[in-house]
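K.L.:
Have a look; sequence and predicted model below, questions after that.
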Amino acid sequence: MNLRVLLSALLVLPALANAENVYDAQFQQIKSVELVEVLVDENGEEIEMAIHEKKAPQFKDQFNQSSVNQKGIGEYILITKELIALGKEIYKIIEAGKPVVQMNVEPIDILPRAAGGEAISAMQLHGWRAPKAKTYRMYVKNYMGVKTASMDVMLIFSYGGQNNGSGRFITGAMIKPVKVDVKWGYTLNANFKLDSIMNQGTVDNPVAGGLLTLDYSINTVLQSTNDSYTFFINGMGKVIKYSK
């Protein structure tokens, strides 16, 4: 009987030790935050790849665009001479470490402007390509080397839509949560927004482009941090991750 009690105690001790570790100052302090791209090989295994980044240009200074302060679903949010962006001002995707379920939320469209100034709907365009998707994983490490929080998000959009044979536009752009894992004592929140739009083509043959910003915050009892990642997409299907 004593031997059984001893064995049971030995099994329980590691669990108790791990439980105590979450109260350690090193457990509750953030050492690093990293973002990688997640690919799947021919065997269905996940591969984490370092991301090739480019320095972010100052699009807002280079392009004549205006912000439209209207709230709601599918409203105009940004306008240039040739383009109109529809969507929401901010999309909450993770709150308190849990994915946000968004019902009946329209994603972002970057569409051509008609002669009257209104948007030409995605349904009126033709030549749309199949959705393009990339998955990214952000994970947090503490000073004990433990991954204390992580989130997988998918950047997805359809591209290539044309207006009477000209232009390349974007529809259905979203950054959506795929998987979230948060250890005890950590709180993770995230949202994304469309920061800027631009015409990479000509007046007669516009190529829509947009900067999507993924903002996040991480909080523990000892520390708080927040930062963002910026992604560029365009009507030709290009995706670029910009450095800070």
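P.N.:
Structure received.

K.L.:
Any regions of this protein where pLDDT drops low?
P.N.:
Applying pLDDT under 70 to the chain picks out residues 1-20, 22, 53-74, 102-104, 244.

K.L.:
how does it look with 80?
P.N.:
The chain contains residues with pLDDT under 80 at 1-24, 52-76, 101-105, 243-244.

K.L.:
All the helices of it, in order from the start?
P.N.:
Listed in chain order, the helices of the chain (DSSP state H) span 2-21, 59-62.

K.L.:
how much space is there between residue 27 and residue 150?
P.N.:
According to C-beta to C-beta, to the nearest Å, residue 27 stands 16 Å off from residue 150. Just so you know, the C-beta spots here come from the backbone N, C-alpha and C atoms, and that holds for glycine as well.

K.L.:
Have a look at these two and say which one is more surrounded.
P.N.:
residue 27 (21 against 17; other C-beta atoms under 10 Å).

K.L.:
so that one touches residue 21, yeah?
P.N.:
Yes - Residue 27 is within contact range of residue 21, at 5.4 Å (criterion: C-beta atoms under 8 Å).

K.L.:
Run the chain-centre distance for stretch 181-192.
P.N.:
Counting by C-alpha atoms, centre = their mean, to the nearest Å, stretch 181-192 is centred 14 Å from the centre of its parent chain.

K.L.:
Now do the buried residues in it.
P.N.:
182-183, 185-186, 188-192 (16 or more other C-beta atoms under 10 Å).

K.L.:
quick one, what contacts residue 100?
P.N.:
With contacts defined as C-beta atoms under 8 Å, 6 or more residues apart in numbering, residue 100 is in contact with 92-94, 177.

K.L.:
which of those are buried?
P.N.:
93-94, 177.

K.L.:
Specify which member of the residues you listed is nearest to residue 236.
P.N.:
residue 93 (25.8 Å; C-beta to C-beta).

K.L.:
Would you mind confirming that the closest one is in contact with residue 178?
P.N.:
No - judged on C-beta under 8 Å, residue 93 makes no contact with residue 178 at a distance of 10.1 Å.

K.L.:
Quick check: neighbours shared by those two?
P.N.:
By C-beta under 8 Å, 6+ apart, residue 93 and residue 178 have these common neighbours: residue 153.

K.L.:
Mind checking which of the contacts of residue 100 land in strands?
P.N.:
92-94, 177 (DSSP state E).

K.L.:
would you turn those into JSON lines with distance to residue 167?
P.N.:
Below are the ones in strands among the contacts of residue 100 laid out as JSON lines (distance: C-beta to C-beta, whole Å):
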{"residue": "92", "distance to residue 167": "31"}
{"residue": "93", "distance to residue 167": "29"}
{"residue": "94", "distance to residue 167": "34"}
{"residue": "177", "distance to residue 167": "31"}
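
K.L.:
can you name the two of those residues that are farthest apart?
P.N.:
Farthest pair in these, by C-beta to C-beta: 92 and 177, 10.0 Å.

K.L.:
what touches both of these two?
P.N.:
100, 190.

K.L.:
Not counting its neighbours along the chain, what's nearest residue 47?
P.N.:
The shortest distance from residue 47 to any non-neighbouring residue, by C-beta to C-beta, 6 or more residues apart in numbering, is to residue 39 (4.7 Å).

K.L.:
list the contacts for the one you found?
P.N.:
Counting by C-beta under 8 Å, 6+ apart, residue 39 has contacts 46-49, 135.

K.L.:
Which among those residues count as buried?
P.N.:
Among the contacts of residue 39, the ones that count as buried by 16+ other C-beta under 10 Å are residue 135.
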